[in-house]
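Visitor: need a 3D model of the sequence below.
(2 chains)
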Amino acid sequence: MLIAQDLTLRLGRRAILSEATFTARPGALTSIVGPNGSGKTTLLRALTGELAYEGSVMLNGHEVAQTKPWRLAALRGVLPQATPLSFPFTVGEVVRLGQQGGLDAGGPDLSQRALARVGLGGFAGRMYQELSGGEQQRVQLARVLVQVWEPTAHGAARWLFLDEPVSSLDIGHQLQVMQIARDFADAGGGVVAVMHDLNLTAMFSDSVALLAKGRVMAQDRPEAVLADALLSDAYACPIRVNTPPVAQTYLLPHAARAAAE
Amino acid sequence: MVALSEHAAAPTGDRRALARRVTLLLVLLLLAVSAASLTVGASGISLRQIGGDLLAGRELSLRDRVVLFDIRLPRLAMGMLVGASLAVSGAVMQGLFRNPLADPGLVGVSAGAGLGAITAIVLGGVLPAGLAATLGQYAVPVAAFLGGWVSTLLLYAIATRSGRTSVATMLLAGIALGALAGALSGVLVYMADDTQLRDLTFWGMGSIAGATWAKVLTAAPLMLLALAAAPTLARGLNALALGEAAAAHLGQDVQRLKSTAILTVAGAVGAAVAVSGGIGFVGIVVPHLLRLVSGPDHRPLLINSALLGAALLLAADVISRVIIAPAELPIGIVTATLGGPFFLWILLRRRTLLEL
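Guide: Residues are numbered from 1 along each chain as shown, chains lettered A, B, ... in the order given. Model prediction:
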């Protein structure tokens, strides 16, 4: 389990996050949504121990702020929004960096399988810096996947923390990446994802936390949280769900997914 | 080297085997340069003849013994240690700052170490007798180490905000720190008396020509410690290439990694500056060349940097001995003549990636 209670984070005097409470369970994909500047990424950074916080974050029974980095690395992988590299690593070398961190360090080389999983089979010899933004993001996902390759270890769940994992991807790869996260959860692992796209959130999540102005307005099943009143309030604009437009082209990822199945 | 780099784009992107072949080549290169360093010079001696003499159990001639054991061998040891230290500290610093332009000479660390050394020479007499006796001949390298350490710490604190190092800030702060250290050094030189001025002049000539066993033994412990610590940083520096946050998520204790890296750089640079007065460009040219050939993985990079740095400095030393023989050119002039154009070439190639 991941349980965050009374989480408060300040930057200078301003509270970025106020008394936030958030839970995620193994075997589920939990999304964090909210308008720009609502504290989504800050919440994720607190959950992963990257930022110091007031309150408590328990991951599989460990208080995150007091757990050694190497122990956390064996429990969870973290995908940042973007990862610029300072040196000319090949794609294969970047992915293998993940294997140094996890429990599978020293085991068989998983980089080829992870790259195939994110649709980049055959890219291992390419230079990372020469890839497009979307490809780089998927290489980083492969790196995080090899870190926590088995979704459970010693009877406990391992975790994926994803910060806007589909932000620079086309619709096909958005679905592919969300499906990877979904499969990880279905195999017993826990997934926490900061999301922008509310359609994908509705399609893939088991639980959604809606943030606004540094507070968690609601956390519940997607159909309960992604509702007219809550969304309109959080995003400060009138939103109506399940309402197709009249006489305009519209496109939903759900249709692509239905075709794939 | 050109033929080797074609293997870089292997389908798995794994350049570890290539890096191992480079290590082997560098060991051979270092052996060859060492042999040249022992034989070439104002007084030529033949390794073959000496080897023959030793095998046959004959006594070496006094001249050969003195040249070999009292002049050439300490010079060889000093050249290897200083070259390896400068190259490794360059590689560690570039990994720490996540920037291929970080070099102890460029960003003021050498100047800080120089200030430390000058302080020890000029103000050494002011130390309480007990402390001075304890430090003994180690006072200059220890002071240079402290100077290098403080300037690296300052530089890192100034140039890194929330885990990101700004290149522009790093270079500008390095220039400012270097200038400040230079000015303070100037003040100390102004205060120095005649004997101290003589010491300073010898120290500042910046060469490994005056190497003696006593000098080698003074600086070697610090350099060997730093060289031994460097490979333990390799994994951490690899992870750090992804940024501080991502390195922590990969299980690295980033704070400890950074302090160890800074101490390593300060130790290696401090000791090297204390005995050789600061030799430029080795720290930037060597790691860059190796990254071009076999990639930025720090595990082979740090070892290969030590080997190539040692070989390069010995080669420069041989050149400095023969080019205007029987006189000797200061080795700093040779490395700067080779390194300057190389550095410009890096700048031109990387211009678009620097985002200054």
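
Visitor: wait, does the helix or strand A:Trp70 falls within contact chain B?
Guide: Secondary structure assigned from DSSP states H and E places A:Trp70 in helix A:69-75. Yes. Judged by C-beta under 8 Å from any C-beta of the partner chain, helix A:69-75 comes into contact with chain B at A:69-74. Yep, even glycine has a C-beta here, placed from its N, CA and C like the rest.

Visitor: which of those residues are buried?
Guide: A:69, A:72-74 (16 or more other C-beta atoms under 10 Å in any protein chain shown).

Visitor: let's have the residues you listed in TSV, adding pLDDT.
Guide: Listed next are these as TSV, based on pLDDT from 0 to 100:
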residue	pLDDT
A:Pro69	92
A:Leu72	93
A:Ala73	93
A:Ala74	91
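
Visitor: looks to me like A:Val216 is in a strand.
Guide: Yes. A:Val216: assigned to a strand according to DSSP: H, G, I helix; E, B strand; the rest coil.

Visitor: is it correct that it is in contact with A:Ser18?
Guide: No. If you go by C-beta atoms under 8 Å, A:Val216 and A:Ser18 don't touch, sitting 9.2 Å apart.

Visitor: who's more crowded, those two?
Guide: Shown here are A:Val216 and A:Ser18; by other C-beta atoms under 10 Å in any protein chain shown, A:Val216 has more neighbours (22 against 15).

Visitor: please, where are all the strands along chain B?
Guide: Ranges of strands in chain B, per DSSP state E, are B:160-161, B:164-165.

Visitor: among those, which gets the worst mean confidence?
Guide: Note on the strands of chain B: strand B:164-165 shows the lowest mean pLDDT, a mean of 62.

Visitor: could you measure from the closest residue to A:Asn60 other than its chain neighbours over to chain B?
Guide: Of all residues not flanking A:Asn60 in the chain, A:Ala156 sits nearest, at 5.2 Å (C-beta to C-beta, 6 or more residues apart in numbering or on different chains). According to C-beta to the nearest C-beta, to the nearest Å, A:Ala156 stands 17 Å off from chain B.

Visitor: re the thing from before, closest to chain B among the residues of helix A:69-75 next to chain B?
Guide: A:Ala73 (2.9 Å; C-beta to the nearest C-beta).

Visitor: what residue is smack in the middle of chain A?
Guide: A:Leu162 (2.0 Å; C-alpha atoms, centre = their mean).

Visitor: sec struct for that one, please.
Guide: A:Leu162 - assigned by three-state DSSP - is strand.

Visitor: if we can go back for a sec, in CSV: the buried ones among the residues of helix A:69-75 next to chain B, plus distance to A:Asp233.
Guide: Compiled in CSV, these are given as follows (distance: C-beta to C-beta, whole Å):
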residue, distance to A:Asp233
A:Pro69, 39
A:Leu72, 35
A:Ala73, 38
A:Ala74, 40
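
Visitor: quick one: the helices in the stretch 51-200 of chain B?
Guide: Taking DSSP state H, counting those that start in this stretch as the test, the helices found in the stretch 51-200 of chain B are B:62-65, B:73-97, B:109-123, B:129-135, B:139-159, B:167-191, B:194-204.

Visitor: sorry, that was for the stretch 51-200 of chain A
Guide: A:69-75, A:91-101, A:111-117, A:133-147, A:171-186, A:198-204.

Visitor: between the ones you listed, which one is nearest to A:Leu231?
Guide: helix A:198-204 (7.6 Å; C-beta to C-beta).

Visitor: show me what that closest one is packed against.
Guide: Helix A:198-204 makes packing contacts with strand A:29-33, helix A:171-186, helix A:222-225, helix A:253-260 when contacts are defined by 3 or more C-beta pairs under 8 Å, 6 or more residues apart in numbering or on different chains; DSSP states H and E.
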